[in-house]
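Undergrad: 3D, please:
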Amino acid sequence: MTATTDGSTGAMGPRAASASGPTDTTPVLDGDLRVAAERATARSVEHLLGRQDPQGWWKGDLATNVTMDAEDLLLRQFLGVQDTRTTEAAALFIRGEQRPDGTWATFHGGPAELSTTIEAYVALRLAGDRPEEPHMARASRWVREQGGIAGSRVFTRLWLALFGWWRWDDLPELPPELIFLPKWFPLNIYDFGCWARQTVVPLTIVSAKRPVRPAPFALDELHSDAADPNPAKAPAPLSSWNGVFQRLDKALHAYQKIAPRRLRRAAMNAAARWIIERQENDGCWGGIQPPAVYSVIALHLLGYDLDHPIMRAGLESLDRFAIWREDGARMIEACQSPVWDTCLATIALADAGLSPDHPALVRAADWMLGEQIVRPGDWDVRRPGLIPGGWAFEFDNDNYPDIDDTAEVILALRRVAHPDPERLDAAIERGVRWNMGMQSRNGAWGAFDADNTSPFPNRLPFCDFGEVIDPPSADVTAHVVEMLAYEGKAHLPGTRRGIEWLLAEQEPNGAWFGRWGVNYVYGTGAVVPALTAAGLPLSHPAIRRAVSWLKSVQNDDGGWGEDLRSYREEAWIGRGATTASQTAWALLGLLAAGERDSKAVERGVAWLAGAQRADGSWDEPHFTGTGFPWDFSINYHLYRQVFPLTALGRYVHGEPGPLTARAGSRKGV
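TA: Numbering: from 1, shown residues only. Below is the predicted model of the structure:
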């Protein structure tokens, strides 16, 4: 995975980019289409089976951007645990992601990004790259042209403040007393989405302690004016929300100077207890890298020695986010996705015709059953008394099971003829009950929490790093509705409310917004199968509008693609270079809508069959996953395998029927 200005979505406009696709695509004659689809399906099945771990799970690499790698080096520098091998390997990866103009982007083919470029530059300086070297000089010149460090996001400046490269007084305040706010009070920690909550709590300790380690070099070359690195800006009007929160931040800065010592110490200790209670068995926090990094720093500032069991386990967990490549480079994953990858792979293989009692599917089901979470987590703050039963995204994340994974795991388990059906049924029943209990008041579902919709956290000056709340989304709601429909619960009031919410959320053009995948192609490809599974007739106006939209954005080569810029620019909606995963999402929507024999489906299937590699896989450098819309993008390396296989399987074998009656009824490929 190398971010380049390849022209596929960079210099060209969205309409021009939409016609571009893999150069190795070979046309498939109409009469040969079914044969080609069957062959492509069989090759893909063989490829995916070969990637299963002996324990039963699948996991593809999860690529994001070089800030993960840069911050890992900054953490090691801060703790004094850097080593030459790791530093050189990280630098090799970061250099490989730099573009010819000296910048770094947050996704393949995307525009240059200031904070990412600054962090990458600083990391390379830590690795020994000199500022006068051509690749470094190009980067620093571009940074200065964009306003320098002063124009970067809060998190970038916070990392620089740890070494005195930025003043703590020039950062937004985040007091640890936040931990004491009651759960009903605005801006209490449970108003934040779980990923932000896990990050904010340790950062309140860092913000209070304001540590500064000796800087190994100066960074004057990254300021537009080194004599005035943070020029004053006029505050927003008091009549605006931004103006209100800016004044609140000024008040918090004043409080920082007079905070009662006993209260502050008690707040930091309470925050530390909160952090420690949420450390997972593998030493990580929430299964994701950023909270783990900040938790380690926070606890270290409170006196926890690096040899303390909590710290040692935390540091060891961070090492597990590293992928060492054959060329010697080291890439850091923001998180790992084995549960998500395994349930999607199971669905793909089953829908491609693999026998439900195939050993690979049974192993996958066994592993998923062992991953069910049966103890409470942070979600029970809003849903006290709800019996646990969800699944998380990662290997170890018992505090934060998520609704999306739980729905897809249930859909996957129902496709397996397990030798212990009573165990399987009991796990599914518990998962269904938990998912239904996590429905928000408006009838829809978020990813991790119910009713996590407060408007205030996103307005804090500190929170400029992406989405910090977890409101319901169309894609998650669709997956839950689809699961409930296959469980025979489409008639229940909760399911009907979810359907009504989805219908109300349809865009005027017929598409649905994609929160966790890029973007409207993902949302529409998720919602249409859910609505038809729940019993909406294929003639329903919402289904027909969705079909019309999907056909209208099909690329000239027969596939589909949508650039991440669609989260910001209307012209990019449904437009972008063709990708295997997005083509599959569009096909899943069209197939569910009864369009199997349409020209659009035939052209899409032909593109997938023609773009397949000889080993049964697909290439996909483009990012089609979403962490935060626009702000944090993901390339799930298994998406390009599981979703095309699912689409081809449904084209060849037809749409899945009621899953409880279907398991065990299909012959293998």
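
Undergrad: can you tell me how far Ala218 sits from Glu145?
TA: 20 Å (CB to CB, to the nearest Å). Bear in mind the C-beta positions are built from the backbone N, C-alpha and C, glycine included.

Undergrad: so these two - more neighbours on which side?
TA: The neighbour comparison of Ala218 against Glu145 (other CB atoms under 10 Å) goes to Ala218, with 13 against 10.

Undergrad: check which helix or strand covers Arg265.
TA: Here Arg265, judged by DSSP states H and E, is contained in helix 261-277.

Undergrad: and the helix or strand following that helix, how far out from the chain's middle?
TA: Going down the chain from helix 261-277, the next helix or strand is helix 289-301, by DSSP H and E. Put simply, helix 289-301 sits 20 Å off its chain's centre (CA atoms, centre = their mean, to the nearest Å).

Undergrad: show residues contacting helix 289-301.
TA: 68, 71-72, 75, 78-79, 162, 195, 198-199, 202-203, 205-206, 209, 211, 271-272, 275-276, 279, 284-286, 306, 308, 310-311, 314-315, 317-318, 321, 332-335 (CB atoms under 8 Å, 6 or more residues apart in numbering).

Undergrad: after that helix comes which helix or strand?
TA: Under the assignment DSSP H and E, the closest C-terminal helix or strand after helix 289-301 is helix 309-319.

Undergrad: tell me how far that following helix lies from the chain's centre.
TA: 23 Å.

Undergrad: neighbouring contacts of stretch 208-222?
TA: So stretch 208-222 is contacted by 77-78, 118, 121-122, 125-126, 131, 140, 143-144, 148-149, 160-165, 168, 175-176, 226, 256, 259, 264, 267-268, 301 (CB under 8 Å, 6+ apart).

Undergrad: what comes up buried for stretch 352-362?
TA: Ala352, Gly353, Leu354, Ser355, Pro356, His358, Ala360, Leu361, Val362 (16 or more other CB atoms under 10 Å).

Undergrad: give me the helices and strands touching the host helix or strand of Ala478, please.
TA: Taking DSSP H and E as the criterion, Ala478 maps to helix 474-486. Judged by 3 or more CB pairs under 8 Å, 6 or more residues apart in numbering; DSSP states H and E, the packing partners of helix 474-486 are helix 403-413, helix 421-437, helix 493-505, helix 520-533.

Undergrad: these: which one's closest to Phe245?
TA: helix 493-505 (28.4 Å; CB to CB).

Undergrad: got the contact list for Leu369?
TA: Neighbour list for Leu369: Leu413, Arg423, Leu424, Ala427 [criterion: CB under 8 Å, 6+ apart].

Undergrad: now pLDDT and neighbour count too, for the residues you listed, in a markdown table please.
TA: Converted to a markdown table, the contacts of Leu369 look like this (pLDDT from 0 to 100; neighbours: other CB atoms under 10 Å):
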| residue | pLDDT | neighbour count |
| --- | --- | --- |
| Leu413 | 98 | 26 |
| Arg423 | 97 | 13 |
| Leu424 | 97 | 20 |
| Ala427 | 98 | 23 |
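
Undergrad: show me which pair in these is furthest apart.
TA: Based on CB to CB, the longest span within those runs between Leu413 and Arg423 and measures 10.2 Å.

Undergrad: Asp249 and Tyr486, how far apart?
TA: Distance from Asp249 to Tyr486, counting by CB to CB: 48 Å.

Undergrad: ok, the residue nearest to Glu467 when sequence neighbours are not counted - how many residues close by?
TA: Of all residues not flanking Glu467 in the chain, Phe628 sits nearest, at 4.3 Å (CB to CB, 6 or more residues apart in numbering). The local packing of Phe628 (other CB under 10 Å) involves 17 other residues.

Undergrad: right, and Phe628 touches Gly466 too?
TA: Yes: the criterion here is CB atoms under 8 Å, and Phe628 meets it with Gly466 at 3.0 Å.

Undergrad: picking that back up, between Asp249 and Tyr486, who's got more neighbours?
TA: Tyr486 (23 against 18).

Undergrad: which of the contacts of Leu369 sits closest to Trp379?
TA: Nearest member of the contacts of Leu369 to Trp379, counting by CB to CB, is Ala427, at 18.2 Å.

Undergrad: could you pull out the strands for this structure?
TA: Here the chain has its strands, by DSSP state E, at 62-63, 322-324, 330-332, 625-628, 632-636.

Undergrad: circling back to that earlier point, give me the buried entries from the contacts of stretch 208-222.
TA: Buried by 16+ other CB under 10 Å: 77-78, 118, 121-122, 125-126, 131, 140, 143-144, 148-149, 160-163, 165, 168, 175-176, 256, 259, 264, 267-268, 301, out of these.

Undergrad: which secondary element of the protein has the worst mean pLDDT?
TA: helix 14-18 (a mean of 41; mean pLDDT, DSSP states H and E).

Undergrad: for the helices and strands packed on helix 474-486, which one sits closest to Glu97?
TA: Closest among the helices and strands packed on helix 474-486, using CB to CB: helix 520-533, at 24.7 Å.

Undergrad: what sits against Arg640?
TA: Thr579, Ala580, Ser581, Ser617, Trp618, Asp619, Glu620.

Undergrad: can you get me a residue count around Leu531?
TA: Leu531, neighbours per other CB under 10 Å, totals 27.

Undergrad: can I assume it is in contact with Val481?
TA: Yes: here Leu531 reaches Val481: they are 7.5 Å apart, a contact under CB under 8 Å.

Undergrad: pLDDT weak spots in this protein?
TA: 1-31, 658-669 (pLDDT under 70).

Undergrad: the residue nearest to the spatial centre of it and Val601, how far apart?
TA: By CA atoms, centre = their mean, the chain has its centre lying nearest to Gly627, at 3.1 Å. Distance of Gly627 to Val601, computed by CB to CB: 31 Å.

Undergrad: any idea how far apart the tips of stretch 257-265 sit?
TA: This stretch, stretch 257-265, spans 14 Å end to end (CA to CA, to the nearest Å).

Undergrad: quick one: contacts of that stretch?
TA: Contacts of stretch 257-265 (CB under 8 Å, 6+ apart): Pro175, Pro176, Glu177, Ala208.
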